[in-house]
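S.K.: Give the three-dimensional model of this entry:
(3 chains)
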Amino acid sequence: MSDFYHRVYAVCRHIPEGKVTSYGAIAKFLGSAKSSRLVGYAMNKSFSENGVPAHRVVNRLGMLSGKHHFGGSTLMEDLLYNEGVEVLDDQVQNFKQHFWDPSDHLNPGDFS
DNA sequence: AGCGTGACGTATA
DNA sequence: TTATACGCCACGC
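M.R.: Numbering: from 1, shown residues only, chains lettered A, B, ... in the order given. The predicted structure is shown next:
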């Protein structure tokens, strides 16, 4: 639980369906605001983990920057769309509306 | 123990 | 406004 990766996974698992968040938001929530890249890096590794909805994590623009890592198919879009998130041209529509900020719903102490 | 890496984010030109 | 540059830092080799 003290591992950065593990904390990232934990936060991701808490993302509700139909919601998305950003790498930066997660990084900030974990206390390493400048380690947003690590979050993405961690997501990559998350494929070996179970229950980590990596498709609900996009960059701060709501862009599916990681879809290429989902096999290059529309899998990521499909997953999101299936949860009620509109996706067009690799971008989440109404991103602000679907955005879910960890720091607004989770207690940082639970991840210490 | 040092070096390269990256699904980001922000600052400049 | 679009394009490029660079800082960031945990992880794996």
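S.K.: near DNA strand B, which residues of chain A show up?
M.R.: Proximity of chain A to DNA strand B, by Cβ under 7 Å from any atom of the strand, involves residues A:22-25, A:35-41, A:43-44, A:46-47, A:54-55, A:57, A:59-61, A:65-66, A:68-70, A:76. To be clear about C-beta, it is placed using only N, CA and C from the backbone, and glycine gets the same treatment.
S.K.: Can you select the buried ones from those in ChimeraX?
M.R.: Command for ChimeraX, covering only those of the residues of chain A next to DNA strand B found buried under the criterion 16 or more other Cβ atoms under 10 Å:
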select /A:22,23,24,25,35,36,38,39,40,43,46,54,55,57,65,66,70,76
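S.K.: can you tell me which of the residues of chain A next to DNA strand B are in strands?
M.R.: Using DSSP state E, A:22, A:57 are the members of the residues of chain A next to DNA strand B that sit in strands.
S.K.: which among the residues of chain A next to DNA strand B are in contact with DNA strand C?
M.R.: Applying Cβ under 7 Å from any atom of the strand to the residues of chain A next to DNA strand B, one finds that A:35-38, A:41 fall near DNA strand C.
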